[in-house]
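Undergrad: what's the 3D shape of this:
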Amino acid sequence: MQNTYRCLFVVFCLFTTTSSLHAQWIQTNGPSGGSVTSFAVSGTDLFVGTFVGVFRSTNNGVSWSAASTGLTNMYVRVLAASGTNLFAGTNGDGVFLSTNNGTSWTPVNAGLTNNDVNAFAASGTNLFAGTNGGVFLSTNNGTSWAPASTGLTNTNVFALSVIGTNFFAGTFGGGVFLSTNNGTSWAPANTGLTNIFVFALAVTGPNLLAGTLGSGVFLSTNNGTSWTPASSGLTNTYVNTLAVSGTHLFAGTDDNVFVSTNNGTSWSAASTGLTNTIVLALAVSVANLFAGTQGGVFLSTNNGASWTTASAGLTNTDVYALASVGTNLFAGTFGGGIFLSTNNGTTWTSVSTGLTNMDVRTLAVSVTNLFAGTTYDGVFRSTDNGASWTPASAGLPNTAVYCLAASGANLFAGTRGDRVFLSTNNGTSWTPASTGLTITDIYVLARDLSGNLFAGTDGGVFRSTNSGTNWTPANTGLPNTDVYALALSGTNLFAGIRGGGVFLSTNNGTNWTTASTGLPDTDVTALAVSGTSLFAGTFAGGVFLSTNSGASWSSVSTGLTNPYIDALVISGTNLLAGTGGSGVWRRPLSEMITSVETHSTGLPTHFSLAQNYPNPFNPTTKIAFTLPSQSANIAEGRERVGSHVTLKVYDLLGREVATLVNEVKAPGSYNVQWNAGDQPSGVYFYRLQAGEFSDTKKLVLLR
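TA: Residues are numbered from 1 along each chain as shown. Predicted coordinates:
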């Protein structure tokens, strides 16, 4: 999941809605999109794996429906179809089998000693699974597995492929390995392969291609005996996936799809219409080419010459920001741009025309203007309710905008690395407004009715009484400096702190007192106020309510199956929550304010490793992870109170450059900072190992 930084801005909501018939949260129908990790084609059915389960389309991606019943782990890394069987490899719970097109799933893990499944390959009656603990073989449709890793000197297997009787494994840091005896033994096959981080393999005729992280594509014409570079024209060399359709070879990278018609001798971009260019998966179904991105699914019917979105019903979006304006509800998403709903989330439409960056971190309203802050391209302005957007970043030296706040004719932007900027002309130009602001990363901004402007940073809270001309620290009593959320209620100022809970100031931040009694998850990522009621969204515990200024809290998360809250907003008589992976959810305020719900301990129920934030970063970034509660451990057969946890960072050559965690930790949510001040710019990987669980993600240091 992504960490979320947002601005608080006060919006008066002008419409009412009908209360739900059920006393619980209801997932709205979108926004569509989200990160797609894998594809599988079975007859006329198309399946995608996501961070929140499996979705199925029976009409070439025109619409999707959830197909995850029975999956106990929704982070699906890989899918494979073998005859009438469909297999799902998950992040921590092994392999699941469906024999009815995804209608239901059952675990098939007997003998599988590593449950992080990254790749599948089928050959006849043999099914191979590549895991973080090597290769496993099943000859009975997953009923049982046996290790097949002898000779694999690197057991982090991320790709598998077959040519005749030759089996190939691509590994994280060990290059390619070859087996000629059904995985009984393996030998390195890396001659000429100058990059040994292989995340993709593809077969075209007698040729084998390997996609690497940082060095593009390599070609072998002799079963891996030797390799030659095959990346001419490939302007992005971080290759996540490869696919073959007839004489066309496709590479999905961190920036666009590329096509080659000559076995990789040369490549050209094939991304027209691809509004999200971080491509994680590719699949071919008859004459159709599908691309799975961080912003949903796209379809090409002309070998990548043009693309159209194909994500309707794919409700696994990361929603970073929400804004309510009259009868319009806007959602800013990770990788999918901005969506608009005029009917409380019943339907959503994309409103991103003109946005050159689809990673929208914050939204703000100023009179008739709507503003969006993005990760890489600064601020955009819309004067027509999101129908079109124009850049509004002149004078902003830093284009990573974490938060926005509107105050009369003034618009403030909090950035990553360059503090706060002020625009007095609707974003036409910006000037610095940071004197006295000693912290450079601004996570949240808020303004009270007296004219005080507050900034939440990774160095605490700062206050300005003169529209950002000068700032002074306002931290007395704050034990934790990572302030991710701010909310104002009358003369009360609340601060949500990552790992520290909620704090209250009644004197404009001069001093603070704790306001977290009964709040089991202290990783607070969002705050919202409705009258005298205060809502807190947390990193992994759902939503909590306090009706007494934080003196006590109760859970109000019934029905909210995704507990990762990135944004909260009051819209009429409803509270809307943007989640990390399940789009937007809605619940009537009246249900929560008049009732108290019972709740579990609030501790996480699954292992998880979040994407670092910010990313790219310079020179510090934060990595969040969760360890499940004891009850969850016992349910999964892991009878322990804590886990021995290691969190390490590696460079592209697989060398360890930092150990961030190496100790036994109790169940809970954690946030670790890495200062890469002594490391050169480039791509790195961080890896979490906790008992049998492990996960690896990529991060970018950009100076």
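
Undergrad: switch to C-alpha atoms for all contacts and neighbour counts from now on
TA: Fine.

Undergrad: Check what pLDDT the closest residue in space to Ile439 that isn't next to it in sequence gets.
TA: Excluding its sequence neighbours, the residue lying closest to Ile439 (CA to CA, 6 or more residues apart in numbering) is Gly459, at 6.0 Å. Listed pLDDT for Gly459 reads 90.

Undergrad: Gly459 and Thr513, how far apart?
TA: 17 Å (CA to CA, to the nearest Å).

Undergrad: before we move on, the earlier item: wait, the residue nearest to Ile439 sits on Thr481?
TA: Yes - at 4.8 Å, Gly459 and Thr481 qualify as touching, with contact defined as CA atoms under 8 Å.

Undergrad: all helices in the protein, in order from the N-terminus.
TA: Along the chain, counting by DSSP state H, helices occupy 589-593, 630-635.

Undergrad: low pLDDT regions in the stretch 401-550 of the chain?
TA: 480 (pLDDT under 70).

Undergrad: Please read the previous query as pertaining to the stretch 251-400 of the chain.
TA: In the stretch 251-400 of the chain (pLDDT under 70), the answer is 398.

Undergrad: repeat that with 80
TA: Regions of the stretch 251-400 of the chain meeting the criterion pLDDT under 80 cover residues 286, 367-368, 398-399.

Undergrad: Between Gly459 and Thr513, which has more neighbouring residues?
TA: Gly459 (19 against 16; other CA atoms under 10 Å).

Undergrad: That one: what's it in contact with?
TA: 439, 481-483 (CA atoms under 8 Å, 6 or more residues apart in numbering).

Undergrad: most surrounded residue in those?
TA: Val483 (29 neighbours).

Undergrad: Check the spacing between that one and Thr538 real quick.
TA: Val483 is 13 Å from Thr538, by CA to CA.

Undergrad: Run a quick neighbour tally on Cys548.
TA: Not quite, residue 548 is Asn, not Cys. Neighbours of Asn548 using other CA under 10 Å come to 12.

Undergrad: pretty sure it is touching Thr532, no?
TA: Yes - taking CA under 8 Å as the definition, Asn548 is a contact partner of Thr532 at 7.4 Å.

Undergrad: Might you calculate how far stretch 110-123 sits from the centre of the chain?
TA: 24 Å (CA atoms, centre = their mean, to the nearest Å).

Undergrad: Check which residues of that stretch are buried.
TA: For stretch 110-123, the neighbour count (16 or more other CA atoms under 10 Å) marks 112-123 as buried.

Undergrad: Mind listing residues that contact that stretch?
TA: Outside stretch 110-123, the residues touching it (CA under 8 Å, 6+ apart) are 77-80, 82, 89-95, 109, 127-134, 136, 142-147, 157-162, 692-695.

Undergrad: cool, stretch 668-679 as well?
TA: Taking CA under 8 Å, 6+ apart as the rule, stretch 668-679 contacts 498-499, 521, 523, 539-540, 603-604, 618-629, 660, 701.

Undergrad: sorry, back to before: need the contacts of Gly459 in JSON lines with distance to Val569, can you?
TA: Shown next, in JSON lines, are the contacts of Gly459 (distance: CA to CA, whole Å):
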{"residue": "Ile439", "distance to Val569": "27"}
{"residue": "Thr481", "distance to Val569": "24"}
{"residue": "Asp482", "distance to Val569": "21"}
{"residue": "Val483", "distance to Val569": "18"}
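
Undergrad: Thank you kindly, that will do.
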